[in-house]
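Engineer: model the following, please.
(one chain, ligands or ions: 3)
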Amino acid sequence: MAMEGNGASVSDGASKTKIPHVLTVAGSDSGAGAGIQADIKACAARGVYCSTVITAVTAQNTVGVQGVNIVPEDFVAEQLKSVLSDMQVDVVKTGMLPSIGIVKILHESLREFPVRALVVDPVMVSTSGDVLAGPSILSSFREELLPMADIITPNIKEASALLGGMPLETVADMRSAAKALHAIGPRNVLVKGGDLPDSLDAIDIFFDGKDCHELRSSRIKTRNTHGTGCTLASCIAAELAKGSSMLSAVKVAKHYVETVLEYSKDIFIGNGRQGPFDHLLRLKNGIHNSHRQGTFNPSNLFLYAVTDSQMNKKWGRPMVDAIEAAIEGGATIVQLREKDAETREFLEMAKACVGICRSYGVPLLINDRVDVALACDADGVHVGQSDMPARIARTLLGPEKIIGVSCKTPEQAQQAWIDGADYIGCGGVYPTNTKANNPTLGLDGLKAVCLASKLPVVAIGGINASNAGSVMETGVSNLKGVAVVSALFDRESVLAETRNLHAILMEAASQVK
Ligand SMILES: Cc1ncc(COP(=O)(O)OP(=O)(O)O)c(N)n1
Ligand SMILES: Cc1ncsc1CCOP(=O)(O)O
Ligand SMILES: [Mg+2]
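Structural biologist: Numbering: from 1, shown residues only. Ligands and ions are numbered 1, 2, ... in the order given. This next block holds a predicted model:
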């Protein structure tokens with residue numbers, strides 16, 4: 001596809017904000033799990049505007065497709081012209097293209113109104129097994145659409161059909177198919193292996209003409225998979241519209257689909273074999289965190305300084321000086337943990353700490369108090385199992401703020417993810433005097449929680465210069481750092497202690513790479 005805009009200009013007047021825009025050219029699904037409806041929801045969830053050209057209207061539900069009414073070709077052309085001539089489309093995504101004439105019209109429209117990228121989901125058979133585009137269409141796909149496409153996203157059956165019936169049974173076959181499809185003309189190919197048997201993971205093959213990537217995501221056990229193909233392609237289109245590179249768009253889209261399937265696995269809509277899922281992550285318990293993906297950087301957890309007023313008082317340091325010294329020494333995130341302060345005192349201190357942390361670009365989280373975090377515009381909160389539930393904290397704080405949750409068990413870790421947390425704090429790893437009656441998990445307990453967690457983890461509890469290296473060397477990939485209180489703040493020099501701990505962590509991290 002030509003890499004240029006359509007040149008349409010907005011009306012004069014005040015400065016305008018350009019919104020990333022995907023046009024989907026696809027069929028309507030009355031059950032709203034797939035097709036146009038899935039595309040609109042996926043784009044909305046990814047924060048992208050979605051316009052629509054409807055190629056067919058289907059009567060369909062969770063049982064199957066009961067009827068298809070193809071939109072007349074000249075009216076598909078009219079819809080395309082209406083949107084492409086006026087609305088600053090960045091990316092076109094195609095789904096059900098039910099006739100050779102419609103493929104031809106799309107081809108001509110895109111020549112007349114070039115867009116930045118074309119994502120082709122070569123829909124042929126619905127997930128219920130109903131045919132949505134017959135074999136007669138294959139040659140026009142191959143000759144007209146594929147050579148224009150920036151990416152095509154066939155499943156195994158579609159890839160096989162596009163390659164004249166080539167059998168696809170293994171990951172090696174998928175690699176060969178991706179290369180053969182690439183030779184037809186699309187710039188990138190994603191062959192989706194979700195239908196491959198005998199695998200715990202869903203394996204897709206991405207080929208960009210040079211490198212072949214094997215992309216894995218966990219296979220979610222759920223009946224609610226209707227519309228995954230449309231959703232994946234729309235999400236790729238949405239990420240491209242926002243400016244992502246192709247590989248990154250594909251990875252984000254896979255992660256998004258995995259997240260919504262996991263999140264929606266227990267919802268119940270319709271009596272058929274295959275139900276829809278919840279693109280907006282709302283139906284289950286009313287939270288919406290899909291568009292927050294990527295706002296928290298897990299590497300912030302590397303050296304997590306948790307403050308303690310009593311300790312700083314003991315050493316005669318104002319809190320802001322202690323925090324500044326910790327940041328100068330290498331702390332990558334700070335948590336203000338005030339167990340005894342009155343609300344107003346806490347808020348004043350929090351405001352000062354936000355100021356100092358922001359000047360260094362280091363996030364500041366508030367322990368326990370969502371109200372204080374909101375009032376001082378901190379970067380987020382850390383809550384424990386008896387504090388405000390993370391799900392409610394997310395609702396109160398909105399999608400942008402960071403939420404950490406203390407977890408001691410795999411079940412708590414799973415719940416934290418469902419509730420929309422960004423990371424978990426796991427401990428006490430070692431005995432500590434800083435928190436009373438806190439059970440010690442040991443390195444084995446820490447590992448078990450890390451392995452069960454889809455979120456990044458920071459270890460806490462009794463961690464200091466003598467054991468931080470062993471914690472990091474457990475080598476679990478989502479263990480991103482250590483959180484410490486006394487090893488930094490119950491010491492004479494916060495700066496020297498933080499520097500020393502930072503150096504130890506760097507050394508340990510280099511060992512596990
Ligand atoms: C990073 C981090 N992890 C765990 C905790 C403990 O939180 P919680 O269980 O709520 O206990 P208190 O800190 O509130 O006493 C934490 N604060 N930070
Ligand atoms: C707040 C908290 N949560 C679990 S252990 C702990 C205390 C950590 O303090 P220290 O680093 O001094 O052991
Ligand atoms: Mg707490």
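Engineer: tell me the contacts of Lys254?
Structural biologist: For Lys254, the residues meeting the contact criterion (CB atoms under 8 Å, 6 or more residues apart in numbering) are Asp204, Leu215, Ser217, Leu232. Glycine gets a C-beta too; all of them are placed from N, C-alpha and C.
Engineer: so which of the residues you listed sit within strands?
Structural biologist: Secondary structure assignment by DSSP state E places Asp204, Leu215, Ser217 of those in strands.
Engineer: which strand residues bridge the first one?
Structural biologist: Same thing as Asp204. Listed beta-bridge partners, Asp204: Lys192, Leu215 (assigned using DSSP bridges).
Engineer: my read: it touches Val189, true?
Structural biologist: No: the pair formed by Asp204 and Val189 falls short of the contact definition of CB atoms under 8 Å, at 10.2 Å.
Engineer: neighbour count for those two, which is higher?
Structural biologist: The neighbour comparison of Asp204 against Val189 (other CB atoms under 10 Å) goes to Val189, with 28 against 24.
Engineer: nearest residue to the residue in the stretch 201-350 of the chain that ligand 3 sits nearest to in space, please, no chain neighbours.
Structural biologist: Among all residues of the stretch 201-350 of the chain, Arg337 sits closest to ligand 3, at 8.1 Å; criterion: CB to the ion. On the basis of CB to CB, 6 or more residues apart in numbering, the spatially nearest residue to Arg337 that is not a chain neighbour turns out to be Asn367, at 3.8 Å.
Engineer: list the contacts for that neighbour?
Structural biologist: Val306, Gln335, Leu336, Arg337, Glu338, Val381, His382.
Engineer: what's the burial count for the third one?
Structural biologist: The tally of other residues near Leu336 (other CB under 10 Å) stands at 31.
Engineer: list phi and psi for it.
Structural biologist: phi -90, psi 110 (degrees, to the nearest 10).
Engineer: now do the last one
Structural biologist: Main-chain dihedrals, His382, degrees, to the nearest 10: phi -120, psi 120.
Engineer: so it touches Cys407, yeah?
Structural biologist: No: using CB under 8 Å, His382 makes no contact with Cys407, being 11.5 Å away.
Engineer: of the two, who's got more company?
Structural biologist: Using other CB under 10 Å as the criterion, His382 and Cys407 rank with His382 on top: 31 against 27.
Engineer: how about the more buried one: what's its closest non-neighbour residue?
Structural biologist: Closest residue to His382 in three dimensions, ignoring its sequence neighbours and counting by CB to CB, 6+ apart: Gly404, at 4.2 Å.
Engineer: residues touching Ser140, list them.
Structural biologist: Residues in contact with Ser140, defined by CB under 8 Å, 6+ apart, are Ile100, Val103, Lys104.
Engineer: name the member of those residues with the most neighbours.
Structural biologist: For the contacts of Ser140, the largest neighbour count, defined by other CB under 10 Å, is 21 neighbours, found at Val103.
Engineer: in what helix or strand does it lie?
Structural biologist: Assessed by DSSP states H and E, Val103 sits inside helix 100-112.
Engineer: what's the closest residue to ligand 3 within the stretch 351-500 of the chain sitting at in phi/psi?
Structural biologist: Scanning the stretch 351-500 of the chain for the residue nearest ligand 3 gives Gly384, at 3.5 Å (criterion: CB to the ion). Reported as degrees, to the nearest 10, the phi and psi values for Gly384 are phi -100, psi -180.
Engineer: any weak-confidence spans in this structure?
Structural biologist: Counting by pLDDT under 70, the chain contains low-confidence ranges at 1-15, 126-131, 198-200, 282-295, 513.
Engineer: remind me, longest strand of it?
Structural biologist: Across the chain, the strand with the greatest residue count (assigned by DSSP E) is strand 49-60.
Engineer: circling back to that earlier point, how near is the residue nearest to Arg337 to Ala350?
Structural biologist: Asn367 sits 10 Å away from Ala350, taking CB to CB, to the nearest Å as the criterion.
Engineer: Ala233 too?
Structural biologist: The spacing between Ala233 and Ala350, counted by CB to CB, is 44 Å.
Engineer: neighbour count winner among these two?
Structural biologist: Comparing Ala233 with Ala350 by other CB under 10 Å, the one with more neighbours is Ala233, at 30 against 23.
Engineer: so what's the nearest residue to that one once chain neighbours are set aside up against?
Structural biologist: Of all residues not flanking Ala233 in the chain, Asp121 sits nearest, at 3.7 Å (CB to CB, 6+ apart). By CB under 8 Å, 6+ apart, Asp121 lies in contact with Lys93, Thr94, Gly95, Ile152, Thr153, Pro154, Gly229, Cys230, Leu232, Ala233.
Engineer: roughly how far does Asp121 sit from ligand 2?
Structural biologist: Using CB to the nearest ligand atom, to the nearest Å, one gets 47 Å for the distance from Asp121 to ligand 2.
Engineer: equivalent analysis for Arg223, please.
Structural biologist: Distance check for Arg223 against ligand 2: by CB to the nearest ligand atom, it reads 40 Å.
Engineer: can you list phi and psi of that residue for me?
Structural biologist: Per degrees, to the nearest 10, the residue geometry at Arg223, taken as phi and psi, is phi -80, psi -10.
Engineer: I'd guessed it sits against Gln274; true?
Structural biologist: Yes: the pair Arg223 / Gln274 is scored as a contact, 6.0 Å apart, by CB under 8 Å.
Engineer: having no further points to raise, I will conclude here.
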